[in-house]
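In: Sharing a sequence plus its predicted fold:
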Amino acid sequence: MNVSVPKSKSLDITAIRQEFPILNREVKGRPLIYLDNAATTQKPQQVIDALIHYYTNYNANIHRGIHTLAEEATAAFEQTRDAVKSFIGAGSREEIIFTRGTTEGINLVAYSWGRKNIRTGDEIIISNMEHHSNIVPWQLLCEEKGAVLKVIPINDNGELIQEEYEKMLGPKTKLVSLVHVSNALGTVNPVKQMIARAHAVGAVFMVDGAQSAVHLEINVTDLDCDFFAFSAHKLYGPTGVGVLYGKRALLESMPPFQAGGEMIKEVTLQKTTFNDLPYKFEAGTPNIADVIAFKSALHFVHSIGKDKIRKHEQDLMDYAHLELEKIPGLTIIGKAKEKVSVVSFVIEKAHPQDIGILLDNRGIAVRTGHHCAQPLMDRFCIPGTARASFAVYNSRYEIDELVKGLQRVVKILS
């Protein structure tokens, strides 16, 4: 069922929505209003078609086969690597490692680079707004190596306190691992400046780009980050695919993350030599179909233009802030000066889970809970929030419906 959507100033949202089959369905007898894009975006038809085309026409394992199907699959797989290289401004295709997602990319760096380079007394810096995926791997590494984990605090608007960050940096700092955009607050962190400061003390810098890759123009060469991880499924692509970018010299110095087929040059019963980049970090049969389909997602974003998408999403976020703040008892959590299209909020006398259930009864999908950021929730002394997050196919009409739903929540729960 299609929803009547007013035309955006810069985009034909009705036409864009028609590219997403799932947006035609109903939930609880109402048209679906999908506002959980920070968790995962929906997939355009061209991505779905790419998956079907692979399995229908050239399903085969890659790299090692010499028959036609294997060569076609290998070519399509490697074309996605080239597309990713261009999408994030990497210097070479060998710096693009395919993973299962952002989480695996961070763990790869913690396991491989971290276990080789971190020693007792070394310091690793993260922040108070990190996703658990950018906390737990470093906690485990620090426990194992006797290193120290330091945490950059945030202010009441949900912004990193830069003065505290600068105080933490020193000769013992070996790694800074920071979220580019907070999944729970939408805060955009000034990572380029923070990277330069980390490098000034000789530290390596990793960026969690799970949320930023879809919203911001990314150029890893310009940022000068050492590692950058993100996921396809938050970027209109399939689940189970991620990317780890790493500077070539660092990747070449790191031991393999997993062992098995493809990551080897030669195996004897006495010794194994490892493959060149990027294959040294891609053991076993990869998620071939979804990597291939990811290229179609990148083409979808490119065809619209990130600048137009960002402008549209900014309009939605500004409008959502304006309308939600009119609701009695509602408080928005996270009001950073630099934000992307995420609005987290709490309502007096209403548990976030109850908010989510009542909205779902009206066909509105939002995320509720701690958003895998429990330390951040503790910082604001709340158990969690309800979170509405917007994508290119969302509209002001849907925000109006969200507001109506929340007004009903207030009446029922107050």
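Out: Received, thanks.

In: Could you give the backbone dihedrals for residue 228?
Out: The phi/psi pair for residue 228 (degrees, to the nearest 10) reads phi -150, psi 120.

In: Look up how far residue 88 lies from it.
Out: Going from residue 228 to residue 88 by CB to CB, to the nearest Å gives 7 Å. The C-beta positions use only the backbone N, C-alpha and C, and glycine is treated the same way.

In: Need the residues that contact the helix or strand hosting residue 315.
Out: For residue 315, the host element (DSSP states H and E) is helix 306-324. With contact meaning CB atoms under 8 Å, 6 or more residues apart in numbering, helix 306-324 is reached by 8-11, 13, 186, 215-217, 301, 330, 332, 339-343, 345, 388, 390-392, 394-396, 399-400, 402-403, 406.

In: which other helices and strands contact the strand or helix carrying residue 343?
Out: Residue 343 is part of strand 342-347 when elements are defined by DSSP H and E. For strand 342-347, the packing partners by 3 or more CB pairs under 8 Å, 6 or more residues apart in numbering; DSSP states H and E come out as helix 306-324, strand 330-333, strand 385-389, helix 396-413.

In: could you give me the average pLDDT of the helix holding residue 315?
Out: The average of the pLDDT scores along helix 306-324 is 97.

In: Give the buried residues for it.
Out: 306, 309, 310, 312, 313, 315, 316, 317, 319, 320, 324 (16 or more other CB atoms under 10 Å).

In: ok, of those residues, which one's closest to residue 49?
Out: residue 309 (21.2 Å; CB to CB).

In: State the distance from that closest one to residue 324.
Out: Residue 309 is 22 Å from residue 324, where distance means CB to CB.

In: now residue 158
Out: On the measure of CB to CB, residue 158 and residue 324 end up 16 Å apart.

In: before we move on, the earlier item: joint contacts of residue 228 and residue 88?
Out: Joint contacts of residue 228 and residue 88 (CB under 8 Å, 6+ apart) are 218, 220, 245.

In: Would you format those as a markdown table with pLDDT and neighbour count included?
Out: Shown next, in a markdown table, are those (pLDDT from 0 to 100; neighbours: other CB atoms under 10 Å):
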| residue | pLDDT | neighbour count |
| --- | --- | --- |
| 218 | 98 | 22 |
| 220 | 98 | 21 |
| 245 | 98 | 26 |
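
In: need the residues you listed in TSV with distance to residue 133 and secondary structure, can you?
Out: Putting the shared contacts of residue 228 and residue 88 into TSV (distance: CB to CB, whole Å; DSSP: H, G, I helix; E, B strand; the rest coil) gives the following:
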residue	distance to residue 133	secondary structure
218	19	coil
220	19	helix
245	16	strand
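
In: Now residue 270: which helix or strand?
Out: For residue 270, there is no helix or strand it lies in under DSSP H and E.
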